[in-house]
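Novice: Quick one, structure for this:
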Amino acid sequence: MKPEDRVPAVIKLAWSSGAVFENVMVNAVSAWVNLIFNLGFLINPIWLGWGQTIPRLLDAILDPLYGYWSDNTQTRWGRRRPWMLGSAIFGALVFVLLWFPSAAWSPVQIFLWFLVFSILCYQAYGIFAISYNALGMELTPDYNERTRVQAWRFVFLTLSGLMLNAAYKMSFLPLFAIGKPEQTDHPEIYGIRGVALLFSLIILLCALAPVIFCRERKIAPVSGGGLGGKAGQEKIKLGAAFRFTLGNRVFIHYLAILACGLLGALVLPFHNYLVIYHVCGGNKVLGGTYLLANATVSTVLGIASVPLINWIATRYGKIAMLSLGQAVLIPGALLTWWLFNPAVPWLFMIYNLVAAMSLGGLLMLYNSVLVDICDLDEIKTRQRREGMYGAVTAVAIKTIFSISTVLVGYLLVWAGFNEKLGVQTVETLSKLRFMVAVCPAFMAVCAVVLLWKFPLTKARALAVRSELEARRGALHEVETT
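Specialist: Below you'll find the predicted structure:
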């Protein structure tokens, strides 16, 4: 690796910390919504499914525009960081307000409050995430260094995941209550307000770190002209950029792989229900304790898996690592039928061993593979379009999550779940256990087949990188602004 392609540890640290904002802004909604709005405010899960789907679809529709703006913005502070700064401040504010509906309101009023502020949260997340991930893709052109950069990001994703899972247990503590929790059987709806205030401060500080400490890399002209009249590549028209991106067959193949991995995670919210109602017999406080313990184990295993995932991806290639991660998920998911066991409450945590390899590998490597695809695209188009590729990927991911959240609500109703009951029927719990076991296993099989046929192997990616370097000749690809 060339010395100029190595990313200093302090830059990796600063950029990766932005993943905390990214993760909490989008996943707090999906992780907390059923626990707070369904089990706390007693809002219909089908409503909540649509309440998450509408903001995500709107965000997905606008993501290509955000990517276009990010790719073509030209300021003294660079293309990405101005968008990151504005969305971080706005996002931290609306994130807090999301959790402040009044318990005295009607279900319709509470739902509308949730819907409006979810839309605002997802827009802030989308603007930040598009520019943030594009900035990360541009940090280095080296095949393996890209994986190392994403490994640092995965550590922050994992740690923030522990935060998200700890929040439900924290919401029962009087320390965080804002309001009058003694007047309700659901004190968590008041406790989550104080938790959200604490989280908003944390995510804002983490989002500001890459804005302050990371410097963008200036793209050397490859086709003449400039960006906004300044040094850089020519301005890319939105329609053409979108058309070229969707015309990349390797990219479409990659989106299919991502879709399989993400659809396999469709049933992850059911884990919370099984812990509370199957393992803990409907005791939400005890369930919160086990969920926090599970999150702690998951965090430890996730961070511990980083060196192994990085070593396999560096030695054998990113696609080989992704294939291994999906392969081990097949038996691991099927075993959950026996792992959620009231007689041995902690047994379900064993699933984290599989999740650390499968979901960890996917989260750690998907951006790294995506930037290799951007190299392949540059060979054909002579343009760098990380923002647009990131935006279209975000559209696909958010569309999948939108479908998933709607399905979760309907599947809960199909299973017979009743949020007003302290104890669920055996039939309901059996249906949830069946979906948790079968859905991830089936989608993992599909992902393995697609990965087996994926053309952008490590050897091909390195050859593409060599061709780009040869094209540029003696010129450096980038210079630090």
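Novice: Could you find the closest non-adjacent residue to Leu339?
Specialist: Phe348 (4.7 Å; CB to CB, 6 or more residues apart in numbering). Every residue, glycine included, has its C-beta placed from N, CA and C.
Novice: Now for that neighbour: which residues touch it?
Specialist: Contact analysis of Phe348 by CB atoms under 8 Å, 6 or more residues apart in numbering lists 271, 274-275, 279, 294, 336, 339-341.
Novice: now swap in Ile110 and tell me
Specialist: Applying CB under 8 Å, 6+ apart to Ile110 gives the contacts 37, 41, 43, 101-102.
Novice: Repeat the analysis, applying 10 Å as the threshold.
Specialist: By CB atoms under 10 Å, 6 or more residues apart in numbering, the residues touching Ile110 are 37, 41-43, 47, 101-104, 189.
Novice: per-residue confidence for it?
Specialist: pLDDT recorded at Ile110 is 92.
Novice: Same check on Lys230?
Specialist: 39.
Novice: I'd guessed Tyr125 sits against Ser30; true?
Specialist: No. Distance between Tyr125 and Ser30: 11.5 Å, which falls outside the contact criterion (CB atoms under 10 Å).
Novice: and the strand or helix carrying Ala463, how far from the chain's centre?
Specialist: If you go by DSSP states H and E, Ala463 is part of helix 458-472. For helix 458-472, the separation from the chain centroid amounts to 29 Å (computed by CA atoms, centre = their mean, to the nearest Å).
Novice: For that helix, buried residues please.
Specialist: Residues 458, 460-462, 464-465, 468 are the ones in helix 458-472 that count as buried (16 or more other CB atoms under 10 Å).
Novice: contact partners of that helix?
Specialist: By CB under 10 Å, 6+ apart, helix 458-472 touches 2, 141-144, 146, 220, 222, 250, 313-320, 368-369, 371-373, 375-379, 382, 454, 456-457, 475-477.
Novice: My understanding was that Phe172 contacts Gly288; is that so?
Specialist: Yes. Taking contacts as CB under 10 Å, Phe172 lies within contact range of Gly288: 6.3 Å.
Novice: Just say helix, strand or coil for Leu42.
Specialist: coil (DSSP: H, G, I helix; E, B strand; the rest coil).
Novice: who touches it in this structure?
Specialist: Counting by CB under 10 Å, 6+ apart, Leu42 makes contact with 107, 110, 186, 189, 419-420.
Novice: One more: Phe41?
Specialist: Contacts of Phe41 (CB under 10 Å, 6+ apart): 48, 101, 103, 105, 107, 110-111, 114, 184, 186, 188-189, 419.
Novice: re the thing from before, hmm, which of the contacts of Phe348 are the buried ones?
Specialist: 271, 274-275, 279, 294, 336, 339-340.
Novice: Looking at those, which two lie furthest apart in space?
Specialist: Asn294 and Thr336 (12.6 Å; CB to CB).
Novice: Tell me the residues that contact both of these two, please.
Specialist: 271, 348, 351.
Novice: quick one: which of those residues is nearest to Gly325?
Specialist: Tyr351 (13.9 Å).
Novice: my guess is that closest one meets Ser298, correct?
Specialist: Yes. Between Tyr351 and Ser298 there is a contact under CB under 10 Å: 9.0 Å.
Novice: any common contacting residues for the two?
Specialist: By CB under 10 Å, 6+ apart, no residue touches both Tyr351 and Ser298.
Novice: coming back round to it: taking the contacts of Phe41, tell me the two that lie furthest apart.
Specialist: Using CB to CB, the pair of these lying farthest apart is Leu48 and Thr184, separated by 19.1 Å.
Novice: Of those two, which one has the most company?
Specialist: In terms of neighbours (other CB atoms under 10 Å), Leu48 is the more surrounded of Leu48 and Thr184; the figures are 27 against 14.
Novice: Show the low-confidence segments of this protein, by residue range.
Specialist: 1, 181-184, 217-242, 472-481 (pLDDT under 70).
Novice: what ranges do the strands span in it?
Specialist: 217-219, 478-480 (DSSP state E).
Novice: And for Gly179, nearest residue in space, chain neighbours not counted?
Specialist: Nearest one to Gly179, counting by CB to CB, 6+ apart, is Tyr190 at 4.0 Å.
Novice: The one you found: neighbour count?
Specialist: So Tyr190, with other CB under 10 Å, has 24 neighbours.
Novice: how far away is it from Leu292?
Specialist: Plainly put, Tyr190 is 19 Å away from Leu292 if you go by CB to CB, to the nearest Å.
Novice: now Ala313
Specialist: 31 Å.
Novice: So for those two, which residue has more residues nearby?
Specialist: Ala313 (28 against 17).
Novice: The more buried one and Ser323 touch, don't they?
Specialist: No. Counting by CB under 10 Å, Ala313 stays clear of Ser323, with 11.0 Å between them.
Novice: quick one: common contacting residues for the two?
Specialist: Residues touching both Ala313 and Ser323 (CB under 10 Å, 6+ apart) are Gly361.
Novice: about what we covered before: can you lay out the contacts of Leu42 as TSV showing distance to Tyr132?
Specialist: Shown next, in TSV, are those (distance: CB to CB, whole Å):
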residue	distance to Tyr132
Pro107	36
Ile110	32
His186	35
Ile189	31
Glu419	36
Lys420	41
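Novice: Mind checking which of these land in helices?
Specialist: Taking DSSP state H as the definition of helices, the contacts of Leu42 contribute 107, 110, 189.
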